[in-house]
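Q: What would the 3D arrangement of this be:
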Amino acid sequence: MANIVGFGVAIYYKIYLLVIFLFLLFFYFLYIFAKKKEYTRTNNFNQRAMLSANIILFLVLLVVVRLIYIQIFNKTMYDEKVKSQIKRNDILYGNRGDIYDNSGKSLAFNQNIYMFGVNPSALYDRESTIVGIEKILDKPFLKKKKSKILKELNEAYKAGKRYKVVAKNLSEREKEEIRDVAREYKLTANEIQFDRSIRRTYYKSDVYKNLIGFIGYTQKSSFEKIGVFGLEKEYERYLREISIKRQNIYTKNRRIKLPFSQDNIRTNLDGKDLHTTIDNDIQYILNEEMEKKFVSSQSEEAYGVILDPNTGKILATSYHTIYKDKALRNPIFQNQMEPGSIFKPLIVASALDAGLIKRNTKFDIGDGTIKKYRHTIREASRRTKGVLTTEEVLKKSSNVGMVMIGDRFTNEEFENYLKRFGLYEKTGIDFPNEIKPYTTPYKRWDGLKKSTMSFGQGIVVTPIQMAVAFSSLINGGILYKPYLVNKITDENGVVVRRNLPTVKGRTISEELSKEMKEMLEKVVSEGTAKRGEVIGYRVGGKTGTAQLSTRGGYLKENYLSSFIGFFPVDKPRYTILVMFLKPKGETIYEKFGGATAAPVFGDIVRRISKSKNILSDNISSISKVESFEKIQQEALNDVVMPDLTGINPKDVIYIFKDTDIEVKVSGVGLVKDQFPKPGASLEKVKEIKIILE
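A: Sure thing, here's the model as predicted:
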C-alpha cells in the first residue's frame, strides 16, 4: 500500500512541474509577441539584437527543459546507469575452520583455488587489453591452450558475451602471476575476474578419513560444500565459513575501490577451528600396528581405539577393511558386534559389586561343560575343568564359570547392571550417527539369554561402548562420556566452546576397581593373555574370541578376535581395544584373541611408553624382569631379547644384573640400537651391545 501511495505522489509531482513549465512557456511567448510589436518601431539593429537574445534564451530554455526531463521524469533510469558504471556486487568469502590434533598439528585445512575469467566484450576497448591477455596466456600453466582460448574469446566477443572461463583450479601462486601481468597492462576488474573457492586438504587422509570425514555437495547444499561425514559433519555449524554479497563503489573504470565502500567494514567470515583430543603420535602407532596384523592375519576387517580412561578423551581410532567399496563409516561408533570374552570382566565386576560372589568364591565346572535349556555350553579349552575361584574363572576365561556367575543374578538385576555400564543407550560421543544399541527388555528374555550374555554372546555392543564400560572398571568406577573435540576457537584463539569430562554415573566402587585391576593384571601375567605382556611394565587386560552369528546360528571357525587392556596398572592412562574380524590361521588357536590381538596390544604399549617417555611404574620390574630372576640360565631359550630403544643405559644394565649376560655400551644418551635385535632368542647369549645417541 505504501508503494502505491508513493508512486501516486511521484506522478502528481511530475504533472505539477509540467503544468508550471507550460505556464512559463506560455508567458514567454506572450512576452516575445509583445516585445515584437514594441520593437517594430525601432531600428533594425535593435531588432537583430533582440532576436539573437531571444534565440539564446530559447536555447537555454531547451536545456532547462532537458535537465528537468532527465532529473525528474527519467531520474530512475539514469540513476541505474550511473550505478552500473561505479558499483559492483562482490562476493566475500571466509575460510572453513581448520581441524587440529591435541598438540596443534593440522589434520584438515584449506587451500585457496581460483577460477580465472575474461570479459570478451571488453577485449578490444583498449589495445593494451588484448596484449595483456595474450601475455597471461603465455604463462606455462596456460600456454598449451593459448591458441584455443584466444579463438574461443574471439567467438565470445562476436557473440557479445561478457564472461568466459579461461582456467580453473589455479593456485595462489598462479593467480599472483596473472595479477602481475594484469597490473603491468592495467587490466581492470571489468576485463578480468577471479572467483575463489577452497580445496579442503587432509593430513594423512588414509589414516584419518573415517574420523575427520570430508566435505562435499548434497541435495540440500548443491552450490557449496558442507560436511557430509565425520567431525566435518558433526561440527558443521562451527566449521562452516560465511559468504556474503556486498555492493561496492568503484571509480568509473572500476580500477579503484572507493574508501566508503561497504567492503571496508570489517566482518569476520571464517569458520571456527576444532582442537580434537586425538594424539597424532598415538594415532600413528595404533594405525601402523593394526595394519601390520590386519595384513599378516588376512583379516577381513580390523578395529582399534585408544582412550584416556580418566576423562573419556578419544586419543586414537583405527579401521581397516578389505572391502574398498564399502560405504564410508566408522565401525568404532557405528557397528555393533558380540564382544565375546572381553565382556566377562563387566559381569564379574557386577557380581562382586552386588555381593553375589567374592574374589575367592569357588565354582565346580566339572569336565568343562554345562547344560542350560537343552543347550550344552563348553569351555574353549579342554584343559579348563575342575574347581575354579572367581579370579581363576576370569584368568582362564571359563565360559562355564561365567554361566554359574550369571545364574546368581535375577534377570532384572542383570539388566540393571548392563544399564549401569551404559550398554542400553548411546555413549553420546560427538560423532554423527552413532548407532543406537539393540537391546531386548529382560521380560522378553528366553531362558538361555542371561547365560550366553554372561560370556559375551547374545548381546551386541559398539567398540566405543565396550571401551568406555571397561574403562570404568579400572579408573575407580566412573563411567565417562567419550568425546573427540577438546575445544573450539575463533580466529583470535578465543575459546567459544570447551568440552569437559562428563560423568554419566558410577558402575562399581573405588575399592572394587582396585581389585579388578589386580585380577586383570593376572589375566595377562598368568592367564590367557600372556602374549600381551610387556617386559618392564605392569599391564592388565582380557582376551576375547567371539563366534560370529548368522540367522542360522554361529559360523564355525570364524571369529572376532579381540583384546582390551590398560596400562600402567597403578594409575591407568590408556585403555586400548583391538579387534580383528575373521583372522586366518593354520590352527584354530591362531585365530583366537590371545594369539591374534594380544600381541598387538603389547606392541602398542611398548611403542607408546617410548613415545611418551613412560618409565616403568616400578623400575625394578623393568629391571628385574621376572624371566631373568625366576628362570634358570638353562631355560633362557624361552626368553627373547626385549626392545631397549629409548631406555637409559643404567636401566639396561639393571635389567641384566642377575644374569650371566654382559652389557657393552657405546656412545652417550639413550639406546638407539642394540645387538641382538628385539625378539631374538637369548639362549647361549653371553654378551649384548647397546649403541647410544
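
Q: could you list every residue that touches Val534?
A: By Cβ atoms under 8 Å, 6 or more residues apart in numbering, the contact list for Val534 reads 567, 602, 605-606, 609. (Glycine included, C-beta is placed from N, CA and C.)

Q: now the residues you listed: which count as buried?
A: The neighbour-count test (16 or more other Cβ atoms under 10 Å) applied to the contacts of Val534 identifies 567, 602, 605-606, 609 as buried.

Q: ok, those vs Thr645, which is closest?
A: Set against Thr645, the nearest of the buried ones among the contacts of Val534 by Cβ to Cβ is Arg606 (9.1 Å).

Q: elements contacting the helix or strand the closest one falls within?
A: Using DSSP states H and E, Arg606 sits in helix 598-611. Helix 598-611 sits against helix 280-296, strand 540-550, strand 553-567, strand 574-581, with contacts defined as 3 or more Cβ pairs under 8 Å, 6 or more residues apart in numbering; DSSP states H and E.

Q: helix or strand right after the first one?
A: In this case it means helix 280-296. From helix 280-296 onward toward the C-terminus, using DSSP H and E, the following helix or strand is strand 301-307.

Q: Pull up the gap between the most centrally placed residue in the chain and Ser509, please.
A: By Cα atoms, centre = their mean, the chain has its centre lying nearest to Ile212, at 1.8 Å. According to Cβ to Cβ, to the nearest Å, Ile212 stands 39 Å off from Ser509.

Q: mind putting the contacts of Val534 in TSV, distance to Val663 and pLDDT included?
A: Shown next, in TSV, are those (distance: Cβ to Cβ, whole Å; pLDDT from 0 to 100):
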residue	distance to Val663	pLDDT
Phe567	26	93
Gly602	24	94
Val605	24	95
Arg606	20	92
Ser609	21	91
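
Q: Relative to Arg378, which of the residues you listed is nearest.
A: Using Cβ to Cβ, Gly602 is the member of those that sits closest to Arg378, with 28.6 Å.

Q: residue contacts, that closest one?
A: Residues near Gly602 by Cβ under 8 Å, 6+ apart: 531-534, 539.

Q: These into CSV, with extra columns for pLDDT and secondary structure?
A: Formatted as CSV, the contacts of Gly602 follow (pLDDT from 0 to 100; DSSP: H, G, I helix; E, B strand; the rest coil):
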residue, pLDDT, secondary structure
Arg531, 88, helix
Gly532, 91, helix
Glu533, 91, coil
Val534, 90, strand
Val539, 95, coil
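
Q: Per-residue confidence at Ala49, what does it come out as?
A: Ala49 is assigned a predicted lDDT (pLDDT) of 68.

Q: same question, the one 4 residues further on
A: pLDDT for Ala53: 70.

Q: so which strand or helix has it?
A: Applying DSSP H and E, one finds Ala53 within helix 44-68.

Q: go on, Arg196?
A: Taking DSSP H and E as the definition, Arg196 sits inside strand 192-202.

Q: returning to what we had before: wait, which of the buried ones among the contacts of Val534 is closest to Val348?
A: Closest to Val348, out of all of the buried ones among the contacts of Val534 and judged by Cβ to Cβ, is Phe567, at 20.1 Å.

Q: Quick check, the closest one in contact with Val605.
A: Yes: between Phe567 and Val605 there is a contact under Cβ atoms under 8 Å: 5.4 Å.

Q: Find the residues that touch each one of those two.
A: In contact with both Phe567 and Val605: 534, 537, 539, 574, 576, using Cβ under 8 Å, 6+ apart.

Q: from the residues you listed, which single one is nearest Leu269?
A: Each of those was scored against Leu269 by Cβ to Cβ, and Tyr574 proved nearest at 40.2 Å.

Q: Name the residues linked to that closest one by a beta bridge.
A: Counting by DSSP bridges, Tyr574 is bridged to Phe567.

Q: can I get the buried ones among the contacts of Val534 in TSV with distance to Leu692?
A: Output for those, formatted as TSV (distance: Cβ to Cβ, whole Å):
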residue	distance to Leu692
Phe567	26
Gly602	25
Val605	23
Arg606	19
Ser609	19
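
Q: residues near the spatially closest residue to Ser509 that is not a sequence neighbour, how many?
A: Spatial nearest neighbour of Ser509, excluding adjacent residues (Cβ to Cβ, 6 or more residues apart in numbering): Gly477 at 5.6 Å. Using other Cβ atoms under 10 Å, Gly477 has 20 neighbouring residues.

Q: Next one: Gly477 from Val503, what distance?
A: Distance of Gly477 to Val503, given as Cβ to Cβ: 11 Å.
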